[in-house]
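> Sequence and predicted structure are below.
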Amino acid sequence: MEVMIETCCGIDVHQKSIVFCILDGPLDTNNPKKIQKKFGTTTLALHNALDWVVKNHVTHVFFESTGQYWLPLFNIFSDSNLVLALANLQTWS
């Protein structure tokens, strides 16, 4: 698979926690560095998560839209300069 983004973040959204996984590496690598971190779902925790993502030079963020738990995260992250991609995996079957 061709690498198209040097630093991106995938997010797994749950009711009580959100897991972030950053992949970071040059475009010519097939072995990017993987950084994972779990945050809570309070407003303060979501702002801390945004700060952490930005501090790690992420440019693109991908997350799922299961249930309603993604909405607060999306609202906070949408005020940033990040490229956001929201996926609903139920529509891909």
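Okay, I see it. Numbering: from 1, shown residues only.
> so which strand or helix has residue 23?
According to DSSP states H and E, residue 23 maps onto strand 18-24.
> Listing partners with orientation, what would you give for that strand?
strand 7-13 (antiparallel), strand 33-39 (antiparallel) (DSSP bridges).
> now the angle between strand 33-39 and the one helix or strand residue 54 maps to, please.
Assessed by DSSP H and E, residue 54 sits inside helix 43-55. Using axes from the mean of the first three to the mean of the last three CA atoms, to 10 degrees, the inter-axis angle of helix 43-55 relative to strand 33-39 is 170 degrees.
> Only the buried residues of the very next helix or strand once past helix 43-55, if you could.
Per DSSP H and E, the first helix or strand lying C-terminal to helix 43-55 is strand 60-64. Of all the residues in strand 60-64, those buried under the rule 16 or more other CB atoms under 10 Å are 61, 63-64. In this view, the C-beta of every residue, glycine as well, is placed from N, C-alpha and C.
> Tell me the one among these nearest to residue 38.
residue 63 (14.1 Å; CB to CB).
> surely the closest one meets residue 13?
Yes. Between residue 63 and residue 13 there is a contact under CB atoms under 8 Å: 5.9 Å.
> low pLDDT regions in this structure?
Within the chain, the segments meeting pLDDT under 70 span 1-3, 89-93.
> how many other residues sit next to residue 85?
Close neighbours of residue 85, defined as other CB atoms under 10 Å, add up to 11.
> same check, this time on residue 32
17.
> Equivalent analysis for the one 5 residues further on, please.
With neighbours defined by other CB under 10 Å, the count for residue 37 comes to 15.
> For the nearest residue to it once chain neighbours are set aside, give me its contacts.
In space, residue 37 comes closest to residue 20 once its chain neighbours are excluded; the distance is 5.2 Å by CB to CB, 6 or more residues apart in numbering. Listed by CB atoms under 8 Å, 6 or more residues apart in numbering, the contact partners of residue 20 are 9-11, 36-39, 49, 52-53.
> mind putting those residues in JSON lines, distance to residue 80 included?
Output for the contacts of residue 20, formatted as JSON lines (distance: CB to CB, whole Å):
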{"residue": "9", "distance to residue 80": "12"}
{"residue": "10", "distance to residue 80": "16"}
{"residue": "11", "distance to residue 80": "13"}
{"residue": "36", "distance to residue 80": "20"}
{"residue": "37", "distance to residue 80": "17"}
{"residue": "38", "distance to residue 80": "20"}
{"residue": "39", "distance to residue 80": "15"}
{"residue": "49", "distance to residue 80": "11"}
{"residue": "52", "distance to residue 80": "12"}
{"residue": "53", "distance to residue 80": "8"}
